[in-house]
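Asker: this is a predicted model, with the sequence first.
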Amino acid sequence: MWLVFFKEIKELLRDRKTMFFMVALPILIFPLIIGGAVYVGDKAVKDAESKILKYALVGGELAPIIATELSETDVFERVDIGEETDYKQLIDNETVDFVLVVSSNYSDDVLQNGQAGLQLYLNDAGMNLVHKRVEEITSGESDKLQQRIFEALGLDETAQAALLEPINLEKINVADDRENLGEALGGMVAYIVFILCLQGAMMPAADLGAGEKERGTLETLLISPIERHKLVLGKFLTIAFAGVTTALLTVGSMAIWGIVLSQGMAVEFVMKFMSAISLLDFLLIFLMLIPVVAIFAALLFSLSIYGRSFKEAQSYMGFLMVVAIIPIVFSILPGVELKGGWAWVPLTNIALAIKELIKGTMDYVQLIAIFGSTAAIAGALIAFCIYWFNQEKVLFR
C-alpha cells in the first residue's frame, strides 16, 4: 500500500498540470482572483459614488433649498426637460439619471400643510446609488425642518426623543465577539474548506483511475504482485493527501496574503480572530477534515474507475461537486444546530462542528456522533471502492 502511495506521489510531483492545480492555483491564482474581485467591486462602488448624475427637477421653485444644494454640488448636473412628462423614457434614453418631482403641497410649514412629498424617478435595477446620493441631500433638509418643528412646539431634547421614538427597545447582545464572528463566518469557512478539499482531490482522482485507463498503464498495475485492496488504498491515500494539501495551501496562502496586503485594522481583526481560537479547536478542525476528505476521495476514485476516459470521469465529478454542496448548505440554514439528529448527518455535522468550534460554543460530547457517523460512512465508501475496483466489468467497460 505504502509503495503504491509513494509511487503515485512521485508521479504527481512530476505532473506539471496536477502540481499547478495543487500548488500554483491555491497559492497564487485563488488569492489573485479573490483580490481582483474585491478590487473590482470596491472600484465599482467608488465609481458609482463619484459619477456625475444628470437630473431633472420638476417643481423646484417649491423646494428652493433642495434645488440649490443639487445645483451647487459638483456630482450633479441639471438637465432641462421642458414640459416632458414621460420620465421613464427620459431615463431609459439616458437623457437623465433621475427625475425629482416636488409635490404641490411641499412647504416649510409642515405643521400646517402636512408631510412634504418628493417623488424620485430612477432606474434602480443596477448599482447606481442614485437613491442613496439624493437621499443624503433630502435627509439634511428633512432634519432641518424637523428641528424647526421641535423649536416651534417648545420641546426639549428629552421630549424630542420621546416623540420620535416613544418606545426604545435596547438590544443587549450577551454573545462575545468570537461567538458573533463565528456565527457570521463559521458556515462560510466550512463551505470554502470543503469545496477546496473536493476540488484539490478531483484532478489526481481522475488521473489515477480514468487516466491510467487512457494511458494503458492500468493493466501493468493489475498484473503486479501487489494485492488489489493495497492498490486501491495506495491510490486512495494519494487522492486524500492531494485534497488536504490543496485546502491547507489555499487557506494558508489567503491568510498570508490578507495580512501582507491588508490595512492595519484588518490585520488586527485577523489576529484577534486567530488568537481567540484555541490550539485544541484548530487541531479538531483539522482532524475533522480527515474523514471528510476520505469520503470525497473514495467517491472520486470510484467515479474515476467507472469512467471510460479522463473526460467522462471529470463530468461525473462535476456533478458530485453539486451534490456535495447540498449538505453543506444545510449547516448555514437558520434553525439548524449541532443537536439531535443533525449531529449524525455526514458532512452537515462537520460543517456545524467547525462553526461551533470557531464560535467557542462546541459541545465536545457531540464529537462522538460526528466522528462516529463520518468515519462509518468513509469506511463504507472505501470498502465499496475496493469492491468496485475488483469488478472486471467496471475496470474494462
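Answerer: Okay, I see it.
Asker: can you give me the mean pLDDT across the host helix or strand of L320?
Answerer: For L320, the element it lies in under DSSP states H and E is helix 310-330. If you average the pLDDT over helix 310-330, you get 81.
Asker: could you give the angle of the following helix or strand past that helix to helix 310-330?
Answerer: Later in the chain than helix 310-330, the nearest helix or strand by DSSP H and E is helix 348-359. In terms of direction (axes from the mean of the first three to the mean of the last three Cα atoms, to 10 degrees), helix 348-359 departs from helix 310-330 by 60 degrees.
Asker: which neighbouring elements make contact with helix 348-359?
Answerer: Contacts defined by 3 or more Cβ pairs under 8 Å, 6 or more residues apart in numbering; DSSP states H and E place helix 348-359 against helix 177-206, helix 279-306, helix 310-330, helix 366-389. From N, CA and C alone the C-beta is placed, and that goes for glycine too.
Asker: now F98, which residues is it bridged with?
Answerer: F98 has the following beta-bridge partners by DSSP bridges: Y55, L122.
Asker: now it: how far from A48?
Answerer: Computed as Cβ to Cβ, to the nearest Å, the F98 to A48 distance reads 13 Å.
Asker: do K88 as well
Answerer: 21 Å.
Asker: these two - which one has more neighbours?
Answerer: Remark: of K88 and A48, A48 carries more neighbours, 16 against 10, as counted by other Cβ atoms under 10 Å.
Asker: need the three-state assignment for the more buried one.
Answerer: Using DSSP: H, G, I helix; E, B strand; the rest coil, the three-state assignment for A48 comes out as helix.
Asker: identify the residue nearest it in space, chain neighbours excluded?
Answerer: L129 (4.6 Å; Cβ to Cβ, 6 or more residues apart in numbering).
Asker: now the one you found. Its backbone dihedrals?
Answerer: L129 has phi and psi values of phi 60, psi 20 when expressed as degrees, to the nearest 10.
Asker: please tell me I have it right and it contacts E49.
Answerer: Yes - with contact defined as Cβ atoms under 8 Å, L129 and E49 form a contacting pair (5.9 Å).
Asker: neighbour count winner among these two?
Answerer: Comparing L129 with E49 by other Cβ under 10 Å, the one with more neighbours is L129, at 18 against 11.
Asker: what about stretch 33-42, distance to the chain center?
Answerer: Per Cα atoms, centre = their mean, to the nearest Å, the displacement of stretch 33-42 from the mean C-alpha position of its chain is 13 Å.
Asker: pLDDT wise, what is the residue nearest the centre of the chain at?
Answerer: For the chain, the residue nearest the mean C-alpha position is M188 (5.9 Å; Cα atoms, centre = their mean). With respect to pLDDT, M188 scores 75.
Asker: go on, Q263?
Answerer: 49.
Asker: before we move on, what about the one 4 residues further on?
Answerer: Among the per-residue scores, V267 shows a pLDDT of 52.
Asker: hang on, the earlier thing: buried set for the helix holding L320?
Answerer: Buried residues in helix 310-330, counted by 16 or more other Cβ atoms under 10 Å: F310, E312, A313, Q314, Y316, M317, L320, A324, P327, I328, F330.
Asker: what's the burial count for the closest residue to E61 other than its chain neighbours?
Answerer: Take E61 and drop its neighbours on the chain: the residue closest to it by Cβ to Cβ, 6+ apart is A67, 7.6 Å away. Neighbour count of A67, defined by other Cβ under 10 Å: 17.
Asker: give me the distance between A67 and I149.
Answerer: On the measure of Cβ to Cβ, A67 and I149 end up 22 Å apart.
Asker: got it, and G340?
Answerer: 55 Å.
Asker: and for A205?
Answerer: A205 is 71 Å from I149, by Cβ to Cβ.
Asker: W342 contacts G335, doesn't it?
Answerer: No - in this structure, W342 is not within contact of G335 by Cβ under 8 Å, at 10.0 Å.
Asker: more crowded one of the two?
Answerer: The residue with more neighbours, out of W342 and G335, is W342; 16 against 4, by other Cβ under 10 Å.
Asker: so what pLDDT did the more buried one get?
Answerer: So, for W342, pLDDT stands at 84.
Asker: contacts only, for it.
Answerer: With contact set as Cβ atoms under 8 Å, 6 or more residues apart in numbering, W342 has these partners: F330, V336, T348, N349, L352.
Asker: K88 too?
Answerer: Going by Cβ under 8 Å, 6+ apart, K88 touches Y121.
Asker: repeat that with 10 Å
Answerer: Listed by Cβ atoms under 10 Å, 6 or more residues apart in numbering, the contact partners of K88 are V99, Y121, N123.
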